[in-house]
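**Q** Here is my input; please provide its structure:
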Amino acid sequence: MNILCAIFTFIATPLVLLFLAFSVLLLRLFLGKSIRNPKYPPVIGTVFHQLFYFNSLYDYQTEQAKTWPTFRLLTPDQSDIYTTDTRNIEHILKTNFDKYSKAVLFSEEMLPNWLELFLSFLRPSRVFDVQDLLMRCTLDSMFKVGFGVDLNCLEGSSKQGSAFIRAFDDSNALVYWRYVDPLWKLKRFLNVGSEASLKKNVKVIDDFVNDLIKRKRKQLAVQQDSCLTDYKNDKEDILSRFLMESKKDPEGMNDQYLRDIILSFMIAGKDTSANTLSWFFYMLCKNPLIQEKVAQEVREVTSTQENGASVNDFVTSISEEVLEKMHYLHSALTETLRLYPAVPVDGRCVETDDTLPDGFKLKKGDGVYYISYAMGRMQYIWGDDAEDYRPERWLNNGIFQPESPFKFIAFHAGPRICLGKDFAYRQMKIMAMALLRFFRFKLADETKNVTYRTMFTLHINGGLHLCAVPRTVANVYILTKLLREKSGKRMYHPIARTIFNQRLNFNSLHHYMTDLAGKHRTYWLISSFRNEIYISDPANVDYILKTNFENCGKV
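**A** Coordinates of the predicted model:
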């Protein structure tokens, strides 16, 4: 009997709490004095609406923003206000910055080597997850330069590092789930469900970071005791500097404080650049002409040809002057950030009652959020082609022209604008230039729907699987096509692809060739040894197998 009571209590308790939370929301929705007051942002739903649409949350918010540039979602304890109005965002992040607080919710010199290793993973006909490679590459870079540690995630030799990455990303998503889960505190108390998973992941993160801090302390102690001559250079990383400063205030700068510093740098440096580059390559694959324009700019600005320098030589030749001339690449990266901002939603907590520029009133304790993901898709901000990927919108006579940071909010704005903005652009440009200099990219599966994973940062759900074709090979097709178009004569059948495209599509070769036949009844595939002509035209088949049989022998 006691067991039955315990089971009943275990099941009934969350249901009662859920019913109470729902009842509070209904009371607030129908009895609240300000719910239907036109002076306050319109209420379009409750936290449960976000729960229902969680896997496509940013698209749901985008659809709402098309009708209401500023709106509210009710929670049991407060109102959450969401806005895409640029006047409101400037008001929150600049004009009345002090009224809005952060809500209490919860070596460049190494780059050529990393790029050389990164490129070694790219092989013709081999499918790879570019997001995973970029994540591991940026994490290795950050730990080496920032914390003086060789993590070796890109090589895959660090199982502890790989486990840390998984735990970090999963924790990101699980904490975000709390926003729409009214029972998360109960689940945390009972240590069940998503909260049990989060607890395990946090332990992996803590163990990894605490071990890193301990090893770094020992390393510094040995260097000081031994009076090593290179001690001055070894303490140049960020973690070493903080460890040295912690000796002055061991209580205030304890290991937990140092752990938070490390994780803050990770959030700022790992996800943002890697996510943006992943979406960037996705957009280039969806828009191959834009991919060629970026590659062409790389060749023109760096004055290199397809069969030129090695990766190391190419990367080390990229100067500040070269980077400043990459206006189209800069525009393409910025256009990616407009549509796929690294942080899709960000917000503040209202410290005192206030009124937004659009006339809506806010109360102390309300949460106010600006929806970067939705803002990039609003026609009343960007025009009728707001949802189109068009880097040219950022160019004036070929020169990049920035927009107001309160309109283009990817790097935040106001007093807390991202300090690493210029560095992020610089890192992304160098990596993009090196990859596009040596390879042309295509989606491994053109039919697969690429979506995001709902979390604090905009990850591609399941990764981004691509194929890479060396440009020295791929350009045979491009060059031949250009020559054919310039001649203006159709003396030969159209060139559909090269023999390497057959290799890339080998596992679905017949479907691939069927698709080509749907476009060209007779076409060429360029081979290194001879011309390969494929036909599906009955008249040509009749000519080869009957009319001119003697001229066509068996292959």
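**Q** which secondary structure elements does the longest helix along the chain contact?
**A** As assigned by DSSP state H, the longest helix anywhere in the chain is helix 193-226. When contacts are defined as 3 or more Cβ pairs under 8 Å, 6 or more residues apart in numbering; DSSP states H and E, helix 193-226 packs onto helix 159-177, helix 184-190, helix 231-234, helix 238-246, helix 255-266. In this view, the C-beta of every residue, glycine as well, is placed from N, C-alpha and C.
**Q** helices or strands next to the second one in the packing?
**A** Spelled out, that is helix 184-190. Judged by 3+ Cβ pairs under 8 Å, 6+ apart, the packing partners of helix 184-190 are helix 2-31, helix 193-226.
**Q** pull the CA atoms of it into PDB?
**A** As requested, the backbone C-alpha atoms of helix 184-190 are provided in PDB (Å, rounded to 0.1, in the frame of the first residue of the first chain):
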ATOM      1  CA  TRP A 184      12.100  21.800 -14.300                       C
ATOM      2  CA  LYS A 185      12.700  22.700 -10.700                       C
ATOM      3  CA  LEU A 186      10.700  19.600  -9.600                       C
ATOM      4  CA  LYS A 187      12.600  17.400 -11.900                       C
ATOM      5  CA  ARG A 188      15.900  18.900 -10.600                       C
ATOM      6  CA  PHE A 189      14.700  18.100  -7.000                       C
ATOM      7  CA  LEU A 190      13.800  14.500  -8.000                       C
END
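**Q** list the buried ones in that helix?
**A** Buried positions in helix 184-190, judged by neighbour count with 16 or more other Cβ atoms under 10 Å: 184, 186-188.
**Q** Distance check, L57 against G367.
**A** Note on L57: its distance to G367, by Cβ to Cβ, to the nearest Å, is 15 Å.
**Q** now do L289
**A** Here L289 is placed at a distance of 42 Å from G367 (Cβ to Cβ).
**Q** neighbour-wise, which of those two wins?
**A** G367 (21 against 7; other Cβ atoms under 10 Å).
**Q** so what's the more buried one closest to, chain neighbours aside?
**A** Nearest residue to G367 in three dimensions, chain neighbours excluded: D80, at 4.4 Å (Cβ to Cβ, 6 or more residues apart in numbering).
**Q** burial of the one you found, as a residue count?
**A** Neighbours of D80 under the rule other Cβ under 10 Å: 20.
**Q** Tell me the secondary structure at it.
**A** Three-state secondary structure (criterion: DSSP: H, G, I helix; E, B strand; the rest coil) places D80 in strand.
**Q** Report pLDDT for the closest residue to A268 other than its chain neighbours.
**A** Distances taken as Cβ to Cβ, 6+ apart place G420 nearest to A268, at 6.4 Å, with adjacent residues excluded. Looking at G420, its pLDDT stands at 75.
**Q** Kindly report the same for E485.
**A** 43.
**Q** L20 too?
**A** L20 carries a pLDDT score of 47 in this model.
**Q** can you map out the helices along the stretch 51-200 of the chain?
**A** For the stretch 51-200 of the chain, helices defined by DSSP state H, counting those that start in this stretch occupy the ranges 57-67, 86-90, 111-120, 130-147, 159-177, 184-190, 193-226.
**Q** To R393, which of those lies closest?
**A** Ranking these by distance to R393, with Cβ to Cβ as the measure, places helix 86-90 first at 16.2 Å.
**Q** And for that closest one, what's in contact with it?
**A** 70, 83, 356-358, 370, 375, 381, 404, 406-407, 409, 413-414 (Cβ atoms under 8 Å, 6 or more residues apart in numbering).
**Q** ok, back up a step: now, which of the buried residues of helix 184-190 sits nearest R299?
**A** Proximity of those to R299 (Cβ to Cβ) peaks at W184, which lies at 52.2 Å.
**Q** And the helices and strands packed on helix 184-190, which one averages the lowest pLDDT?
**A** For these, the stretch scoring lowest in mean pLDDT is helix 2-31; its value is a mean of 47.
**Q** If we ignore the residues flanking it in sequence, what's nearest H330?
**A** Computed as Cβ to Cβ, 6+ apart, the closest residue to H330 that is not its neighbour in sequence is F400, at 4.9 Å.
**Q** Identify the bridge partners of that neighbour.
**A** Applying DSSP bridges to F400 gives these bridge partners: L395.
**Q** And it, how far from A434?
**A** Here the criterion is Cβ to Cβ. By it, F400 lies 20 Å from A434.
**Q** So if I had to pick from those two, which one is more boxed in?
**A** When F400 and A434 are compared on other Cβ under 10 Å, the one with more neighbours turns out to be A434, at 23 against 16.
**Q** I figured that one was touching T316, is that so?
**A** No - the criterion here is Cβ atoms under 8 Å, and A434 misses it with T316 at 10.7 Å.
**Q** So the residue nearest to H330 is in contact with P391, correct?
**A** No - between F400 and P391 no contact is recorded; they are 9.4 Å apart, counting by Cβ under 8 Å.
**Q** what touches both of the two?
**A** Taking Cβ under 8 Å, 6+ apart as the contact criterion, the common neighbours of F400 and P391 are 331, 334.
**Q** returning to that earlier point: any chance of CSV for the contacts of helix 86-90, columns distance to L395, pLDDT and neighbour count?
**A** Putting the contacts of helix 86-90 into CSV (distance: Cβ to Cβ, whole Å; pLDDT from 0 to 100; neighbours: other Cβ atoms under 10 Å) gives the following:
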residue, distance to L395, pLDDT, neighbour count
T70, 31, 78, 23
T83, 29, 78, 27
L356, 33, 77, 20
P357, 30, 79, 17
D358, 31, 76, 13
Y370, 26, 79, 25
M375, 21, 85, 27
I381, 18, 88, 19
S404, 17, 88, 11
F406, 21, 83, 22
K407, 17, 87, 17
I409, 20, 83, 26
A413, 22, 77, 21
G414, 26, 77, 17
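**Q** which one among the residues you listed gets closest to E195?
**A** Comparing the contacts of helix 86-90 against E195 with Cβ to Cβ places Y370 closest, at 28.5 Å.
**Q** measure that closest one to Q296 for me?
**A** Distance check for Y370 against Q296: by Cβ to Cβ, it reads 36 Å.
**Q** got it, and L151?
**A** Noted for L151: a distance of 36 Å to Q296, by Cβ to Cβ.
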